[in-house]
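Student: this one's sequence-less:
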Ligand SMILES: Cc1cc2nc3c(=O)[nH]c(=O)nc-3n(C[C@H](O)[C@H](O)[C@H](O)COP(=O)(O)OP(=O)(O)OC[C@H]3O[C@@H](n4cnc5c(N)ncnc54)[C@H](O)[C@@H]3O)c2cc1C
């Protein structure tokens, strides 16, 4: 099976973010692989370990994303491709999905796996858009995948529970927490990853049309001022004050 | 054309609140750009919904008989309606279903899309969508340059306002068409009585509740308020509750009017999921817990004493 895993590089949640006019100030930002994409990489490797084939890690972004591809190599992927674009076009899911789908079609991949969302934009769009562009089915929020030839049985998370679905390859999948436990790269893997080749693709080579999104501005989050701590002698006092505050002041209950 | 099209969502045959929120938002946009509001209801008939949707601004209520949810089927049907009505703006709930079919719809109708918008305004005839990025540490404003602009919108982020639309009803012939994903079975046993994603009140518990045997304490408060039950990752990882309750970066993003955090420290990954709640109540023994930095009302006390007192106090006033 030929598997493409999508790897996005995002700021670590703990990193401090300073929004500038149209982009963030990147100095001091710690970059990581978006956590859900780690499940995607792991699943790709496990499927190959079981049934053979090839796993290709693809990352779209500026030069620094090569670090993420090296980590994917260290985990065990077979090839790595860097689609080289300026970071802020990655806000545009339709542009991103167009480049990636064109690459994946050229690779003739059977399976595409990405995270259920990237933790920078939380849009949950790119992988499903790729499925649509490839004209293949998709399984979102996958918790379990089983293959029997071209037939696929999957368990996925839905609102309020889980669903078992059946479909066929070629297929696109988004990984939800619970799909697997991502492995840590081995020291040997990290050492050999440094020497492995990373193919570079430019948007022109992938037949990009124009981005449809304009970043008008970035701004800091609306200020969230600490409210007040209620004062009371006992639990009953706290309860009656809180009920009063929520009903008469905030008027939410 | 400068029309706005809303896809509404139903739960157990009833309109979800977000359907009224989005129709109200659509009314404002349509008034600013000079168009009509179409609200699509995925049902065989509109009898039950037309009056409600008219009251919040729908000029046309369009029924689409697309059957049970299937991401491809919904995408096929909704894209067909968009192609027929040619709206300038499409608003879709950023629900678990909305996220899925919106992605396919955007490609089918060759439109740009902004997902998880929390603010919508109009500038120069185009919608400007505001959305939190980087776990809520920044907000971005986006405009879409394609003829059709699609936005998925977070529940509870738009006001419901009463402004009547023309309220005509029409049936669409759009169909689900061919789908390649077959549902074999569903298990909804571990779920919430009230869905987290669109709950307007959430009672949430963290490691401070000490063990799974204490959920009934919070469930009791939640039931009293008609609220959904949320949880921190620490409680999910400890196996006290299913992951479907988890709020945060690796759980659900929620935006209720009121979030009551009981025994939750307020780690950045938790705040990433609930930081946009309108009012936050924190009940925590530790007065220095980070949750108090974002809480509208802080209660420094033992939750095992305060939560039952709160439940009985609410029972009294809510009757
Ligand atoms: C990649 C990553 C993703 C993550 N994603 C999430 C996520 O999605 N959601 C999430 O929640 N976390 C997430 N976390 C974990 C997060 O960092 C915290 O560890 C977690 O939120 C802590 O949960 P807690 O507040 O319940 O527990 P703790 O931090 O242990 O806090 C318990 C609190 O309860 C209080 N308490 C104890 N007893 C009582 C009592 N009797 N009465 C009142 N208060 C009491 C304590 O003072 C304390 O503040 C993630 C972490 C990482 C690294």
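Tutor: That came through, no problem. Just so we're clear, the structure is a prediction, and the values are computed from it rather than from any experiment. Residues are numbered from 1 along each chain as shown, chains lettered A, B, ... in the order given.
Student: where does the nearest residue to residue B:208 once chain neighbours are set aside land on pLDDT?
Tutor: Closest residue in space to residue B:208, ignoring its immediate chain neighbours: residue B:263 at 1.8 Å, by C-beta to C-beta, 6 or more residues apart in numbering or on different chains. Just so you know, the C-beta spots here come from the backbone N, C-alpha and C atoms, and that holds for glycine as well. Listed pLDDT for residue B:263 reads 98.
Student: Is it correct that residue B:25 is in contact with residue B:160?
Tutor: No - look at residue B:25 against residue B:160 with C-beta atoms under 8 Å: they stay out of range, at 9.3 Å.
Student: More neighbours: which of the two?
Tutor: When neighbours are counted by other C-beta atoms under 10 Å in any protein chain shown, residue B:25 and residue B:160 differ, and residue B:25 comes out ahead with 28 against 16.
Student: tell me which element the more buried one is part of?
Tutor: For residue B:25, the enclosing helix or strand under DSSP states H and E is helix B:17-33.
Student: Name the surrounding residues that touch the helix or strand just after that helix.
Tutor: Sequence-wise, the next helix or strand downstream of helix B:17-33 (DSSP H and E) is strand B:37-41. Strand B:37-41 is touched from outside by B:3-8, B:10, B:15, B:19, B:22-23, B:26-27, B:30, B:49, B:53, B:57-64, B:78, B:81, B:85, B:87, B:165, B:172, with contacts defined as C-beta atoms under 8 Å, 6 or more residues apart in numbering or on different chains.
Student: Please list the members of these that lie in helices.
Tutor: Of those, the ones assigned to helices by DSSP state H are B:19, B:22, B:23, B:26, B:27, B:30, B:53, B:78, B:81, B:85.
Student: Flag every buried residue along the host helix or strand of residue A:237.
Tutor: Per DSSP H and E, residue A:237 falls inside helix A:235-244. Within helix A:235-244, the residues that count as buried by 16 or more other C-beta atoms under 10 Å in any protein chain shown are A:235, A:238, A:239, A:240, A:241, A:242, A:243.
Student: what are the ranges of the strands in the stretch 1-150 of chain A?
Tutor: A:2-6, A:9-11, A:18-19, A:24-25, A:31-33, A:54-61, A:79-84, A:111-115, A:138-148 (DSSP state E, counting those that start in this stretch).
Student: any chance you could map the strands in the stretch 51-200 of chain B?
Tutor: B:60-63, B:89-93, B:112-117, B:119-123, B:126-133, B:138-144, B:149-153, B:168-171, B:182-187.
Student: Could I get the ones you listed in CSV, plus columns for mean pLDDT?
Tutor: As requested, the strands of the stretch 51-200 of chain B are arranged in CSV below (pLDDT from 0 to 100):
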stretch, mean pLDDT
strand B:60-63, 98
strand B:89-93, 98
strand B:112-117, 98
strand B:119-123, 98
strand B:126-133, 97
strand B:138-144, 97
strand B:149-153, 98
strand B:168-171, 98
strand B:182-187, 96
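Student: right, and those strands - which one's nearest chain A?
Tutor: When these are compared by C-beta to the nearest C-beta, strand B:112-117 sits nearest chain A, at 3.1 Å.
Student: can you give me the angle the helix holding residue B:25 makes with strand B:37-41?
Tutor: Here the directions of helix B:17-33 and strand B:37-41 differ by 160 degrees (axes from the mean of the first three to the mean of the last three C-alpha atoms, to 10 degrees).
Student: Just name whatever secondary elements helix B:17-33 is in contact with.
Tutor: If contacts are counted by 3 or more C-beta pairs under 8 Å, 6 or more residues apart in numbering or on different chains; DSSP states H and E, helix B:17-33 sits against strand B:4-7, strand B:37-41, helix B:50-55, strand B:89-93, strand B:119-123, strand B:149-153.
Student: before we move on, the earlier item: in CSV: the ones in helices among the contacts of strand B:37-41, plus distance to residue B:249, neighbour count and pLDDT.
Tutor: Formatted as CSV, these follow (distance: C-beta to C-beta, whole Å; neighbours: other C-beta atoms under 10 Å in any protein chain shown; pLDDT from 0 to 100):
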residue, distance to residue B:249, neighbour count, pLDDT
B:19, 28, 27, 98
B:22, 26, 32, 98
B:23, 31, 31, 98
B:26, 30, 31, 98
B:27, 34, 24, 98
B:30, 35, 24, 98
B:53, 35, 25, 98
B:78, 30, 26, 98
B:81, 35, 22, 98
B:85, 37, 18, 98
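Student: Export those residues to CSV and append columns for distance to residue A:132.
Tutor: Formatted as CSV, those follow (distance: C-beta to C-beta, whole Å):
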residue, distance to residue A:132
B:19, 25
B:22, 23
B:23, 27
B:26, 25
B:27, 30
B:30, 28
B:53, 29
B:78, 13
B:81, 17
B:85, 20
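Student: Show me which of the residues you listed is closest to residue A:182.
Tutor: residue B:78 (35.1 Å; C-beta to C-beta).
Student: Provide a list of residues in contact with the closest one.
Tutor: If a contact means C-beta under 8 Å, 6+ apart, then residue B:78 has B:7, B:40, B:64, B:101, B:105, B:174 as its contacts.
Student: mind redoing it with 6 Å?
Tutor: By C-beta atoms under 6 Å, 6 or more residues apart in numbering or on different chains, the contact set of residue B:78 is B:7, B:105.
Student: ditto for the one 3 residues further on
Tutor: With contact taken as C-beta under 6 Å, 6+ apart, residue B:81 is in contact with B:40, B:172, B:174.
Student: tell me which of those residues is nearest to chain A?
Tutor: residue B:174 (17.1 Å).
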